[in-house]
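Peer 1: Give me a 3D structure for the following:
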Amino acid sequence: MRKRISIYGVTIFALLMIPVVFISKPSIAEASSVQSVVANTYIGDAGTMVESFDITVNNISTYDHLQASDLDITGNYNGYPLNEAGEIVQHNYDNDGIELSINDQTIHMKVAPFRYPGGYVSPFAVTSSTYPDLSFTKDNVTKVNTRTVDDFKSSSFTASNGATLPYRLKETSSAKPQPLVVWLHGGGEFGTDNMKQLTENRGATVWTESGKDTSVLAAQYPQNYGWAIYNNPIELSQMQAYFTLQYELIQQLVDEGKVDPERIYLVGVSSGGGGALRFMMQYPDLFAGSIVIAAKDAVADYKGSVEPFKQALQPLTDTPIWLIHAENDPTTDSRTTTLSYQALTELGSTKVKQTLYSDEFMTEHHFYDKMLHWSWVPAFNNSEVVNWLFDQSRSDQIVHANLADDTTVTRAQLAYALANVLQLPEPIATPSFADISNSDINKQIQQVTAQGLMKGMTATTFAPDDKVTRAQLATIISNWINMTEQSTESKSPIVVTDVPQQHWAYASIEHVLQMKLMKNDSTSLFHPAQQVTGKEVNQLLAEIAQSYS
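Peer 2: Prediction:
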């Protein structure tokens, strides 16, 4: 044993006496004839997927005998990260699907599409023992092309309120105004890179890739909002400021002739789903239709009753909305969806739809554990959902008042119904009423007063809670007909036994009776002081909207 140690000691000593020349490790371009590696990607259900690589070399003749079997890929998988037990996994492909073709000095390497640049377990690597210089990883990729995403232009917008957001916009190539899809991303895509809102799912790309001639707007929010934002005035104010920003940006696109104002659509998932409901609540007349998926609890408490949802969503009864959720979503509770649907249907909406995916459905499609939140994947893969959205148009919609039939109507309720049903313009300058400064329908009251349809009870009060009489309603409707210059043939005076010619509303009552918009009872009594009901207003405004608007 001592002899062997001595021999090894001499050998090691001798080796140490040999001069050593250090050579730096060559780069991929220096070690081979490879000039560049380009990854060609697209946005799939689980995010960015690579479908091919273009490897450009200096001397293509070096690879005359190259075959697909000379290359192997590790770290490739379909992007679905969880198994049935909820464990993080990465099922690498048994068949990499490699197909090779050569064009000039470029080797085109088609692959079975996989998540780029790899998974939670390991990143991808392309290796070759026959041609080691063709081995590469993400670090060697010199350029990434992404289908559709590369068509989005990067910009930012600052609103009149001072809020600023980065956004990406893909414009239609048509010279005529076309639809616009407004995409609200989920909680995983918040940030400042102005890119992630496009790449984590198909929310921004599915529309044009489904063959729709449309523009797509995708702003990126810097940070996520918390739970129960309806009880957080600071965060809610910030959210509303961002919606004002997007509203102004949309109006700019409309004014530039790029967007059809009758076909503006809103789509949101998760945090963006809750945001979509809030966006529509803030601008109920803007969107022709909306798809709301896995909505976060931005409207009201899903552990409570339907009544707060009904109060919040009342402006949306005439907007086509498709609510979609996985029944047992572990991230955003599906009761936000079910209560929103219940509220809208109880308010009289015939344009709201609801789809709840069962556990069996989600399991069948390999959505496990936390992935039960991914209900947007089957939704965006359903052509019926996509086509339904683009079938909607505000020009096809007749707005209804949707007041409760058996209750009397307040001045505030009538102002809200008039502004929406008659689609009154935004007010420019209106009186300021002290008793409506904190009202949720301040805007609608200003609209009707700006048009001269209603007036304040005094110079500084509107009296929003006062009940509306039939004489008052007749005067308002007569004003509307005159304002829109609707002519009528001269007719004989109407006999109204309980409204003398000296009555302050006589001319208006006679006008609406001649127009057959309101009626006397069987004894020719008009009952001018009688308070009107929701049913009476609903029927009257529906007829006006259809015949005179």
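Peer 1: tell me, what residue is most central in the protein?
Peer 2: For the chain, the residue nearest the mean C-alpha position is residue 267 (2.3 Å; CA atoms, centre = their mean).
Peer 1: So that one: helix, strand or coil?
Peer 2: Three-state assignment for residue 267 (DSSP: H, G, I helix; E, B strand; the rest coil): strand.
Peer 1: now it: how far from residue 452?
Peer 2: 38 Å (CB to CB, to the nearest Å). The C-beta positions use only the backbone N, C-alpha and C, and glycine is treated the same way.
Peer 1: try residue 393
Peer 2: Taken as CB to CB, the span from residue 393 to residue 452 is 30 Å.
Peer 1: Neighbour count: those two, which is higher?
Peer 2: Using other CB atoms under 10 Å as the criterion, residue 393 and residue 452 rank with residue 393 on top: 15 against 12.
Peer 1: Surely the more buried one and residue 261 touch.
Peer 2: No: if you go by CB atoms under 8 Å, residue 393 and residue 261 don't touch, sitting 10.3 Å apart.
Peer 1: so what does the host helix or strand of residue 420 touch, helix or strand wise?
Peer 2: Using DSSP states H and E, residue 420 maps to helix 411-421. Applying 3 or more CB pairs under 8 Å, 6 or more residues apart in numbering; DSSP states H and E, we find helix 411-421 packed against helix 442-450, helix 470-483, helix 534-547.
Peer 1: Quick one, which of those gets closest to residue 410.
Peer 2: Nearest to residue 410, of all the helices and strands packed on helix 411-421, is helix 534-547, at 10.4 Å by CB to CB.
Peer 1: for the record, mean pLDDT for the closest one?
Peer 2: Taken as a whole, helix 534-547 carries a mean pLDDT of 81.
Peer 1: relative to helix 411-421, how tilted is that helix?
Peer 2: Angle of helix 534-547 versus helix 411-421, following axes from the mean of the first three to the mean of the last three CA atoms, to 10 degrees, is 20 degrees.
Peer 1: Now do helix 534-547 against helix 470-483, angle only.
Peer 2: Going by the same axes, to 10 degrees, helix 534-547 makes 10 degrees with helix 470-483.
Peer 1: List the contacts of helix 534-547.
Peer 2: 398-409, 413-414, 417-418, 421-422, 468, 473, 477, 480, 517-518 (CB atoms under 8 Å, 6 or more residues apart in numbering).
Peer 1: Show me which of these are buried.
Peer 2: Neighbour-count burial (16 or more other CB atoms under 10 Å) applied to these gives 399-403, 408-409, 413-414, 417-418, 421-422, 468, 473, 477, 480, 517-518.
Peer 1: For the longest helix along the chain, list every residue counted as buried.
Peer 2: When the chain is parsed with DSSP state H, its longest helix is helix 233-255. Across helix 233-255, burial judged by 16+ other CB under 10 Å covers 235, 238-240, 242-247, 249-250, 253.
Peer 1: Ok, stretch 97-108 next?
Peer 2: Applying a neighbour-count criterion of 16+ other CB under 10 Å, one finds 98, 100, 106-107 buried in stretch 97-108.
Peer 1: One more: stretch 468-487?
Peer 2: Residues of stretch 468-487 classed as buried: 468-481 (neighbour count, 16+ other CB under 10 Å).
Peer 1: Farthest pair within the residues you listed?
Peer 2: Checking the buried residues of stretch 468-487 with CB to CB, the most distant pair is 469 and 481, at 18.8 Å.
Peer 1: elements contacting the helix or strand harbouring residue 311?
Peer 2: Secondary structure from DSSP H and E places residue 311 in helix 307-313. Under the contact criterion of 3+ CB pairs under 8 Å, 6+ apart, helix 307-313 touches helix 271-282, helix 335-346.
Peer 1: Go through the ones you listed and pick out the most buried.
Peer 2: helix 271-282 (a mean of 25; mean count of other CB atoms under 10 Å).
Peer 1: For the helix or strand following that helix, which helices and strands make contact with it?
Peer 2: Note on helix 271-282: by DSSP H and E, the next helix or strand toward the C-terminus is strand 289-293. Secondary-structure packing of strand 289-293 (3+ CB pairs under 8 Å, 6+ apart): strand 259-269, helix 271-282, strand 321-326, helix 376-380, helix 383-390.
Peer 1: Identify the spatial nearest neighbour of residue 148, chain neighbours not counted.
Peer 2: residue 205 (4.4 Å; CB to CB, 6 or more residues apart in numbering).
Peer 1: same check, this time on residue 122
Peer 2: Spatial nearest neighbour of residue 122, excluding adjacent residues (CB to CB, 6+ apart): residue 75 at 4.5 Å.
Peer 1: related to what we said a few turns ago, could you dump the helices and strands packed on helix 307-313 to a markdown table with distance to residue 310?
Peer 2: Formatted as a markdown table, these follow (distance: least, CB to CB, whole Å):
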| stretch | distance to residue 310 |
| --- | --- |
| helix 271-282 | 12 |
| helix 335-346 | 4 |
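Peer 1: Out of those, flag the one nearest residue 194.
Peer 2: Nearest of those (CB to CB): helix 271-282, 15.9 Å.
Peer 1: could you dump that closest one to PDB, C-alpha only?
Peer 2: Extracted in PDB, the C-alpha atoms of helix 271-282 (Å, rounded to 0.1, in the frame of the first residue of the first chain):
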ATOM      1  CA  SER A 271     -59.500  40.200 -10.800                       C
ATOM      2  CA  GLY A 272     -60.400  41.400 -14.300                       C
ATOM      3  CA  GLY A 273     -63.800  39.700 -14.000                       C
ATOM      4  CA  GLY A 274     -64.700  41.600 -10.900                       C
ATOM      5  CA  GLY A 275     -63.300  44.700 -12.600                       C
ATOM      6  CA  ALA A 276     -65.500  44.100 -15.600                       C
ATOM      7  CA  LEU A 277     -68.600  44.300 -13.500                       C
ATOM      8  CA  ARG A 278     -67.300  47.400 -11.800                       C
ATOM      9  CA  PHE A 279     -66.400  49.000 -15.200                       C
ATOM     10  CA  MET A 280     -69.900  48.400 -16.500                       C
ATOM     11  CA  MET A 281     -71.500  49.800 -13.300                       C
ATOM     12  CA  GLN A 282     -69.500  53.000 -13.900                       C
END
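Peer 1: who touches it?
Peer 2: Counting by CB under 8 Å, 6+ apart, 182-187, 190, 203, 224-225, 229, 239-240, 243-244, 246-247, 266-268, 286-287, 290, 292-299, 312-313, 315-316, 319, 321, 332, 336, 340 sit against helix 271-282.
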